[in-house]
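Colleague: fold the following.
(chains A and B)
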Protein chains: 2
Amino acid sequence: MTPDDITGFFAKRDELDGDQYLELDFTFECAGDPRLAAAHLASEQSTAQWKRPGVNEDLRPRFAARVIALDATPLPDGFSVPLGVTPPGAVHRCRATLAHPHGNFGARLPNLLSAVLGEGVFFAPGIPLVKLEDIRFPASYLALFEGPQFGVGGVRAQLGVFDRPIFFGVIKPNVGLPPDASAELGYEAWCGGLDVAKDDELLADAPYSPLAARAALLGVVRRRAEMETGSSKGYLANITDEVSELARLHDVAVEAGATMVMVNALPVGLSGVRQLRRHARVPIVTHFPMIAALSRIPAHGVHSRVITRLQRLAGADVIIMPGFGTRMMTPEHEVMDNVRACLEPMAAIKPSLPVPGGSDGAETLAGVHRRLGTVEFGFVAGRGVFAHPGGPAEGAASLRREWERIAGSGA
Amino acid sequence: MTPDDITGFFAKRDELDGDQYLELDFTFECAGDPRLAAAHLASEQSTAQWKRPGVNEDLRPRFAARVIALDATPLPDGFSVPLGVTPPGAVHRCRATLAHPHGNFGARLPNLLSAVLGEGVFFAPGIPLVKLEDIRFPASYLALFEGPQFGVGGVRAQLGVFDRPIFFGVIKPNVGLPPDASAELGYEAWCGGLDVAKDDELLADAPYSPLAARAALLGVVRRRAEMETGSSKGYLANITDEVSELARLHDVAVEAGATMVMVNALPVGLSGVRQLRRHARVPIVTHFPMIAALSRIPAHGVHSRVITRLQRLAGADVIIMPGFGTRMMTPEHEVMDNVRACLEPMAAIKPSLPVPGGSDGAETLAGVHRRLGTVEFGFVAGRGVFAHPGGPAEGAASLRREWERIAGSGA
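Modeller: Below you'll find the predicted structure:
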């Protein structure tokens, strides 16, 4: 690229029509001139060759991504992560904001992902380490997505729970139980005070526990628990499967008595979630396999809040995410970023209920509530309910008692 | 976990029925006892709680993943990558092979991904850095997948090219051209000797270049180029879109004159690729957006050959992957691993044609051929054909001439 070429990939934000652009925050480590690297990052993710040889044209004004902010700090010790192949030159750590014209692809999640997390981003010359830190959408683009059908308000109305966290429990043992055993455990936990009994993310339509049989048995005891407790109860069936099966399994689960359905978002694909959203008659819950492979390294990949925003855009009413527990190895500010990504305003897109979890139980509830500073969350326990020495009913009751204590103390 | 608990997650390979297990090679960096960490890795990805309190049962013999090989090396300087949160304790780098019972989930790609790249793998206590390096499937499991419909042989038969690499060209400018301009460029390149003209991975059914219009124009000139050259020519249409649209766009493209269809594998989801496989009447080509976010860091994520194997399993006839060029920042051994993953025997699953690419042209062809040591590959040029100073026909001809030189010299 010549200096003139580079200039064509920079712009001032107020020179651009904001309605036509996504804003992408990147951090990256580059070898060589940071301004050249940033221009390559913009070029490669949009119109890498912006004219035909011999034709007097310039496709950049309409189709190019533009760098609208850039700062760079020298890294005298070189790249922060050992890599197999690195480009030569002095190394800088950079922050850049790019404006990317969404008219290049439209309101299609796979094409959005291909643009903002594609070859152009991860193979820009001079940039071996790059992380998409955040993404912002203009309202005109958001208006092309359905978003959650029920959202936080719809999930609360379904359960009749308005002024406290919603208590989920993952039926455990998570893998290997026959349907009747799962149903017995769910029933006990509901009677003890659980709001929603859920399948583990590893238990779907399994040979040893077919979804239809499990959902039928859980549906029966869910209604029995509702009669006995006088409270609404939810059964969250994991329907994760090939995308061609999601609508059918949704119907199987809901007809048998599931009140919500879960899919593992990246394994089925965000587009599979969106397809399910258009079919679903109950809230959709998404779970987080694969995301940490993309998000854990500070210098490379994708910040988890980007994937959270995209799950919300795809229509997840409830988003299960790594929480504060030490096993989850997630910085507190990252958990908070993800919770905010669920709840903050997003034009007409409804909020998703955040469920930060992992190795939680009654003993961690006060800490989670204090950090979040709101009751607008789901709290999920697995072994905290189903390995409780007093049994699942006592495990669930321990959550509710702890909540009463917290609410009573005004903590 | 007690020492007894740990033992329950270890096994000798020959004690297990190999037909019932996938083998997973992991590398990881852990804090604390490597044997305990490996047991957690096995436990969390399968039956984390293997009995109900008060019930005399053990779900591990049938449902647990088992560690069948483990070695550990101290890392006196601690974790190799700066991380936000790390567990306390002495750090080791480990290699482990796990046997994972596929009966836990069956022949479903999203459930396979949830097990081998899920919460259990990335949130095992003590293991903040972990990479799935490889995966092996027993023939009984492979028999449950369709794999490529055409494979290398079918793609070669379609084009009538048997004894040399297949030459692909990405029509450039990649984004922003109207359909008639794309068709004109494709026509010139075919006449110059290109086998397959393809859409860029960023150009799908775009507002400024609707797939139906583009495929129709390219279909007409493709047939004209076939008549004029006497050779079969291919047009590869990028149909990447929401999964609910893939079958429809396949039909639109093929009816208009496309001879192959492309999808960006991870953006549409591997399950979306498999769904398309069941519908497609032409070869499916997959492209690599997002994969480097998972694979570039040596210490964390997923080795790209795992994703290559899964694309083949999902039914990709042709797999485009990062090649040897310096821009691609991919170690040579990793490119070779991916090429082998396409071509090596995989029970009855047909081979996929590997297309290692990125910034290639006539000047890089000999080097690519020499490294691969075979003609069983596709060679893809973008700017090497479409930014050639002599125009696309001359750019394509330069590839064919260079191949004649290589073949003639016996190099």
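Colleague: quick check: mean pLDDT across stretch A:122-134?
Modeller: For stretch A:122-134, the mean per-residue pLDDT is 97.
Colleague: distance between that stretch and the chain's centre?
Modeller: When distances are taken as Cα atoms, centre = their mean, to the nearest Å, stretch A:122-134 is centred 21 Å away from the chain's centroid.
Colleague: quick test: name the residue nearest the centre of chain A.
Modeller: residue A:308 (2.8 Å; Cα atoms, centre = their mean).
Colleague: out of everything not next to it in sequence, what's closest to that one?
Modeller: residue A:341 (4.2 Å; Cβ to Cβ, 6 or more residues apart in numbering or on different chains). Where C-beta positions appear, they are placed from N, C-alpha and C, glycine not excepted.
Colleague: could you give the number of residues near that neighbour?
Modeller: 26 (other Cβ atoms under 10 Å in any protein chain shown).
Colleague: point me to the residue of chain A nearest chain B.
Modeller: residue A:269 (2.3 Å; Cβ to the nearest Cβ).
Colleague: ok, now which ones touch the residue nearest to residue A:308?
Modeller: A:305, A:308-309, A:312 (Cβ atoms under 8 Å, 6 or more residues apart in numbering or on different chains).
Colleague: picking that back up, ok, now which ones touch the residue lying closest to the residue of chain A closest to chain B once chain neighbours are set aside?
Modeller: Nearest residue to residue A:269, sequence neighbours excluded (Cβ to Cβ, 6+ apart): residue B:269, at 2.3 Å. Contacts for residue B:269 (Cβ under 8 Å, 6+ apart) come out as A:110, A:243, A:267-272, B:110, B:243.
Colleague: among those, which are in helices?
Modeller: A:110, A:267-268, A:270-272, B:110 (DSSP state H).
Colleague: what parts of the stretch 301-411 of chain A come near chain B?
Modeller: Neighbours of chain B within the stretch 301-411 of chain A, by Cβ under 8 Å from any Cβ of the partner chain: A:301-302, A:322, A:326-331, A:334, A:358, A:382-383, A:386-389, A:391.
Colleague: do that again at 6 Å, thanks
Modeller: A:301-302, A:327-329, A:331, A:383, A:387 (Cβ under 6 Å from any Cβ of the partner chain).
Colleague: scan those residues and report the most crowded one.
Modeller: residue A:301 leads those on contacts (other Cβ under 10 Å) with 28 neighbours.
Colleague: for it, grab phi and psi.
Modeller: phi 110, psi -130 (degrees, to the nearest 10).
Colleague: now do the contacts for it.
Modeller: A:131, A:294-295, B:293 (Cβ atoms under 6 Å, 6 or more residues apart in numbering or on different chains).
Colleague: now swap in residue A:34 and tell me
Modeller: A:72, A:92, A:94.
Colleague: may I ask which of the residues you listed has the most neighbours?
Modeller: Within those, most neighbours by other Cβ under 10 Å means residue A:94, with 21 neighbours.
Colleague: and that one, that one's in a helix?
Modeller: No - going by DSSP: H, G, I helix; E, B strand; the rest coil, the assignment for residue A:94 is strand, not a helix.
Colleague: just checking, residue A:144 touches residue A:107?
Modeller: Yes - assessed by Cβ atoms under 6 Å, residue A:144 is found in contact with residue A:107 at 3.4 Å.
Colleague: settle it for me: which of these two has more neighbours?
Modeller: residue A:107 (17 against 12).
Colleague: for the more buried one, report the pLDDT, please.
Modeller: 97.
Colleague: ditto for residue A:411
Modeller: pLDDT, read off for residue A:411, is 50.
Colleague: state the three-state secondary structure for the residue lying closest to residue A:163 once chain neighbours are set aside.
Modeller: Sequence neighbours aside, residue A:375 is the residue nearest to residue A:163 in space, at 6.5 Å (criterion: Cβ to Cβ, 6+ apart). Assigned by three-state DSSP, the conformation of residue A:375 is coil.
Colleague: with adjacent residues omitted, what lies nearest to the residue of chain A positioned farthest from its centre?
Modeller: In terms of distance from the mean C-alpha position of chain A, residue A:54 ranks first, at 46.2 Å (Cα atoms, centre = their mean). Counting by Cβ to Cβ, 6+ apart, residue A:54 lies nearest to residue B:391, which is 7.3 Å off, once chain neighbours are set aside.
Colleague: what's the spacing between residue A:139 and residue A:270?
Modeller: 20 Å (Cβ to Cβ, to the nearest Å).
Colleague: who has more neighbours out of these two?
Modeller: The neighbour count for residue A:139 versus residue A:270, taken as other Cβ under 10 Å, is higher for residue A:270 (26 against 12).
Colleague: isn't that one right next to residue A:310, touching?
Modeller: Yes - when contacts are counted by Cβ under 6 Å, residue A:270 is listed as touching residue A:310 (5.4 Å).
Colleague: any common contacting residues for the two?
Modeller: Counting by Cβ under 6 Å, 6+ apart, residue A:270 and residue A:310 have no shared contacts at all.
Colleague: neighbours of residue A:61, how many?
Modeller: 12.
Colleague: and stretch A:47-56, what's its mean pLDDT?
Modeller: Averaged across stretch A:47-56, pLDDT comes to 91.
Colleague: show me the contact partners of it.
Modeller: The contact list for stretch A:47-56 (Cβ under 6 Å, 6+ apart) reads A:57-60, A:63-64, B:172-176, B:383, B:387.
Colleague: does the residue nearest to residue A:165 when sequence neighbours are not counted sit in a helix or strand, and which one?
Modeller: Among residues not flanking residue A:165 along the chain, residue A:379 sits closest, at 4.7 Å (Cβ to Cβ, 6+ apart). According to DSSP states H and E, residue A:379 maps onto strand A:378-381.
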